[in-house]
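Student: kindly generate the corresponding structure for this input.
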Amino acid sequence: MKPRGRLLGFYAALVFLFLHLPLLTLAVFSFNASRFTVWQGFSLAWYRAIFHDPDLMESAANSVVIALAATLISVAAGTLCAYALWKRRSRLISAGLYLSLVTPEIVTGVSLLALFQWAFRWLGWRLGLHSVILAHVAFSLAYVVIVVAARLRTLSPTLEEAAMDLGATEWQAFREVTLPLLLPGIAAGALLVLTVSFDDYVITSMVAGVDSQTLPMVIYAMARRGASPVINAISALIVVFFGALILVSERLAHAAEKLS
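Tutor: Numbers count the residues shown, from 1 in each chain. Predicted structure coming up:
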């Protein structure tokens, strides 16, 4: 290896160490028997405390339901929207998608809260899990559209045209030809939405009802009362879960690319 390549490799290693050392430290101290940062022995007490806390379990269940629902809706609607923009380009809609990405979360949260208060007043609804799911779909949809649209730009429209020349309908050409080729992009968009939805705090705290607290909201409330090793254990579990999810999605995307 050339000296320049070694220098770049060393630089990359330092960057990754800087990014992941806090996560590693957090995971190590989640097994600490002490409540403080002085190591006093290995213990699983803080992991057991998670499953004995009803607020944590309820908020975790809410976060999972919201993230899965928002992911399914965003992936279905976002894939169709990206396909429509691929068929007929619209600079106005594309600009609107990018605008939703750069809008500060506090502005998005206030806007959605005002919209829900106005709409729910007429429908007789209250803020709850349904309002959180709608809010998450609103800010997650752009991620799916952009990721799937990037995948669509690598495809040739002649593939569908050839399928229709052989007797397939437009729906059959999309389902049998285009959709399988989009699976890596759809998987990447779904993983991105799942992570963003599960992790969101600012927008969720504004549109959530009294009985729809999510895990980030409970963790933030716990952190404000003082540092607790339970937070370390929860964070370590979240990192491991999403890390495993990323590895699985990479394998699936690689397998899909081989098939295509």
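
Student: which residues sit in contact with the spatially most central residue of the chain?
Tutor: With the centre of the chain defined as its mean C-alpha position, the nearest residue by C-alpha atoms, centre = their mean is residue 195, 2.4 Å away. With contacts defined as C-beta atoms under 8 Å, 6 or more residues apart in numbering, the neighbours of residue 195 are residue 242. Glycine gets a C-beta too; all of them are placed from N, C-alpha and C.

Student: secondary structure element for it?
Tutor: helix 179-199 (DSSP states H and E).

Student: can I get the CA coordinates of that helix in PDB?
Tutor: Only the C-alpha atoms of helix 179-199 are listed here, as PDB (Å, rounded to 0.1, in the frame of the first residue of the first chain):
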ATOM      1  CA  LEU A 179     -40.800  -3.200  -9.100                       C
ATOM      2  CA  PRO A 180     -38.300  -6.100  -8.600                       C
ATOM      3  CA  LEU A 181     -35.500  -3.800  -9.800                       C
ATOM      4  CA  LEU A 182     -36.600  -1.100  -7.300                       C
ATOM      5  CA  LEU A 183     -36.300  -3.500  -4.300                       C
ATOM      6  CA  PRO A 184     -32.900  -2.300  -3.200                       C
ATOM      7  CA  GLY A 185     -34.000   1.400  -3.300                       C
ATOM      8  CA  ILE A 186     -37.300   0.500  -1.500                       C
ATOM      9  CA  ALA A 187     -35.400  -1.400   1.200                       C
ATOM     10  CA  ALA A 188     -33.000   1.500   1.700                       C
ATOM     11  CA  GLY A 189     -35.900   4.000   1.900                       C
ATOM     12  CA  ALA A 190     -37.800   1.800   4.400                       C
ATOM     13  CA  LEU A 191     -34.800   1.500   6.600                       C
ATOM     14  CA  LEU A 192     -34.200   5.200   6.600                       C
ATOM     15  CA  VAL A 193     -37.800   6.000   7.400                       C
ATOM     16  CA  LEU A 194     -37.900   3.300  10.200                       C
ATOM     17  CA  THR A 195     -34.800   4.900  11.800                       C
ATOM     18  CA  VAL A 196     -35.900   8.500  11.500                       C
ATOM     19  CA  SER A 197     -39.400   7.700  12.700                       C
ATOM     20  CA  PHE A 198     -38.300   5.600  15.700                       C
ATOM     21  CA  ASP A 199     -35.800   8.300  16.700                       C
END
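
Student: how much space between the residue nearest to the centre of the chain and residue 70?
Tutor: Note on residue 195: its distance to residue 70, by C-beta to C-beta, to the nearest Å, is 11 Å.

Student: pLDDT on the helix holding residue 195, on average?
Tutor: Along helix 179-199, the predicted local confidence has a mean pLDDT of 87.

Student: do the same with stretch 236-256
Tutor: On average, the pLDDT along stretch 236-256 is 76.

Student: now that stretch, how far from the centre of its chain.
Tutor: When distances are taken as C-alpha atoms, centre = their mean, to the nearest Å, stretch 236-256 is centred 12 Å away from the chain's centroid.

Student: can you list the buried residues in the helix or strand harbouring residue 64?
Tutor: When secondary structure is defined using DSSP H and E, the element that contains residue 64 is helix 54-87. For helix 54-87, burial by neighbour count (16 or more other C-beta atoms under 10 Å) applies to 56, 58-60, 62-63, 66-67, 69-71, 73-75, 78-79, 81-83, 85-86.

Student: name the helices or strands packed onto that helix?
Tutor: Using 3 or more C-beta pairs under 8 Å, 6 or more residues apart in numbering; DSSP states H and E as the contact definition, the elements that helix 54-87 packs against are helix 45-51, helix 129-152, helix 179-199, helix 215-225.
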